[in-house]
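**Student:** what's the 3D shape of this:
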Amino acid sequence: MALLLLLAFNWFILYQLLQVLTDIFYHPHYVQQSAHVVQAQAAHHILNHTNFLTFFGHYHDYINMALAFLIVCGLALLFNSGAGEWLLRFIFGARKAIEREKNRLEPIIKTVQGTINDKLKLKPIENIRLEIMDDPMPEAAAIGKNTLIISRALYETASDEEIAGVIAHELAHLHNGDSNRLGVAVGVSIITITITWLAALIATLAFAVSAMCSKMKGEHAALFFMFIGFIIGGCAWIFLIFAKAGNWILNLIMLFQGRKEEYKADKFAAQAGLGAGLVSFLEKIKDLKMAGKQPIGNRMYATHPPVMLRIGKIEEYLTDTES
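**Tutor:** Predicted coordinates:
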């Protein structure tokens, strides 16, 4: 649901941006006024008598809707493809595992896959791509359809049993499709980021033009462009605030949904019989995650629930499994 809201919001703001650009560069009223001010009636005549532009003028609402829809869907599909998975690995700063790392981790992955198959009757994920992230924090991540990232700190500090628990948790994200949704969310969010930067640039340029024209007294062209620059700049800032506020709210919803998915992945690991190793790992990192009272902003933007709550939930799952 949160992902659908994110897709719909990005489609809406992209559609609105296309509508604004269409009104600025095509709308007959603006064309006529601009042509009158700069005495370029020939350009206006050409615009009004071009078949393509005439067709576009009649159907630009539907064309912009379709174009925005195609761009949003295209980015979603791109980040749900092999190319998108490669880009996400690049963003994470992951590299290929060297032979020594493969020799230790690949047998653990194979064992965990077998355990999941035996306990939960799920088919093993084929062609898992093992990547290493040279990060000082002991952590792991699942990306796309089959990428598993292990940090070097996790490799160095965790036992095989703990790594197995962590891997089971990450494989849960792959089995549940969480990693695919994450890729789509990142890809679609590029629209909002691009639009906010574009809106800020348009606003800055429009206000600059308006300020320059305000100094050119007594010229109709200067007054016209000063007014247009002020209107466009103001609209761009309103658009920028709307896009940022909407994206901020939707990101909070996505993070809230993501924290719920973390609990589900923990339960998955416990049901697969690997919860004890995951608890042992979380016990190791709890001091890293509890460095003083966290401000409300940090808690709202947290990608994972509090460590002790996770430990408590896993222990409940383990108790239920044993009984």
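
**Student:** per-residue confidence at Leu87?
**Tutor:** Listed pLDDT for Leu87 reads 82.

**Student:** I'd like the distance between it and Ile63.
**Tutor:** Leu87 is 29 Å from Ile63, where distance means CB to CB, to the nearest Å. The way it works is simple: take the backbone N, C-alpha and C, and place the C-beta from them, glycine included.

**Student:** Compare the two and say which one has the larger neighbour count.
**Tutor:** Counted by other CB atoms under 10 Å, Leu87 and Ile63 do not tie: Leu87 has more neighbours, with 18 against 14.

**Student:** For Gly277, list the residues it contacts.
**Tutor:** Going by CB atoms under 8 Å, 6 or more residues apart in numbering, Gly277 touches Ser159, Glu161, Glu162, Ile163, Ala164, Gly165, Val166, Ala168.

**Student:** where along the stretch 51-200 of the chain do the helices fall?
**Tutor:** Taking DSSP state H, counting those that start in this stretch as the criterion, the stretch 51-200 of the chain carries its helices at 51-78, 82-92, 99-120, 152-157, 160-176, 178-214.

**Student:** Identify the residues contacting the one helix or strand Leu18 maps to?
**Tutor:** Leu18 is located in helix 2-25, with elements delineated by DSSP states H and E. Applying CB under 8 Å, 6+ apart, the contact partners of helix 2-25 are 30, 60-61, 64-65, 67-69, 71-72, 76, 181, 184-185, 188-189, 191-192, 195, 198-199, 232, 235, 239, 242-243, 246-247, 250, 253-254, 256-257.

**Student:** before we move on, what about stretch 148-160?
**Tutor:** Contact with stretch 148-160 is made by 89, 92, 94, 97, 101, 104-105, 108-109, 128-143, 163, 166-167, 170-171, 174, 277, 280-281, 284, as judged by CB under 8 Å, 6+ apart.

**Student:** I'd like the distance from it to the chain centre, please.
**Tutor:** 26 Å (CA atoms, centre = their mean, to the nearest Å).

**Student:** export that stretch as PDB, just CAs?
**Tutor:** What follows is stretch 148-160, C-alpha atoms only, in PDB (Å, rounded to 0.1, in the frame of the first residue of the first chain):
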ATOM      1  CA  LEU A 148      23.100 -10.800  -0.700                       C
ATOM      2  CA  ILE A 149      25.500  -8.200   0.800                       C
ATOM      3  CA  ILE A 150      27.600  -8.900   3.900                       C
ATOM      4  CA  SER A 151      29.600  -6.300   5.600                       C
ATOM      5  CA  ARG A 152      33.300  -7.000   6.300                       C
ATOM      6  CA  ALA A 153      32.700  -6.100   9.900                       C
ATOM      7  CA  LEU A 154      30.000  -8.800  10.200                       C
ATOM      8  CA  TYR A 155      32.300 -11.300   8.500                       C
ATOM      9  CA  GLU A 156      35.100 -10.500  11.000                       C
ATOM     10  CA  THR A 157      33.100 -10.300  14.200                       C
ATOM     11  CA  ALA A 158      30.300 -12.900  13.900                       C
ATOM     12  CA  SER A 159      30.400 -16.600  14.400                       C
ATOM     13  CA  ASP A 160      29.100 -19.000  11.700                       C
END
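
**Student:** What residues of that stretch count as buried?
**Tutor:** The neighbour-count check on stretch 148-160 (16 or more other CB atoms under 10 Å) flags Leu148, Ile149, Ile150, Ser151, Arg152, Ala153, Leu154, Tyr155, Ala158 as buried.

**Student:** Same check on stretch 130-148?
**Tutor:** Using 16+ other CB under 10 Å as the test for burial, stretch 130-148 gives 130-133, 135, 138-148.

**Student:** and it, what's its mean pLDDT?
**Tutor:** Across stretch 130-148, the average pLDDT comes to 91.

**Student:** Now the terminal residues of that stretch, how far apart.
**Tutor:** Terminal residues of stretch 130-148 lie 5 Å apart, using CA to CA, to the nearest Å.

**Student:** How far does that stretch sit from its chain's centre?
**Tutor:** With CA atoms, centre = their mean, you get 17 Å for stretch 130-148.

**Student:** Over to stretch 94-104?
**Tutor:** Computed by CA atoms, centre = their mean, the chain-centroid distance of stretch 94-104 equals 28 Å.

**Student:** Can you tell me what sits against that stretch?
**Tutor:** Leu105, Leu130, Glu131, Ile132, Met133, Asp134, Thr147, Ile149, Ile150, Tyr155, Asp160.

**Student:** Find the nearest non-adjacent residue to the third one, please.
**Tutor:** The spatial neighbour of Glu131 that comes closest, neighbours along the chain excluded (CB to CB, 6 or more residues apart in numbering), is Ala94 at 3.8 Å.
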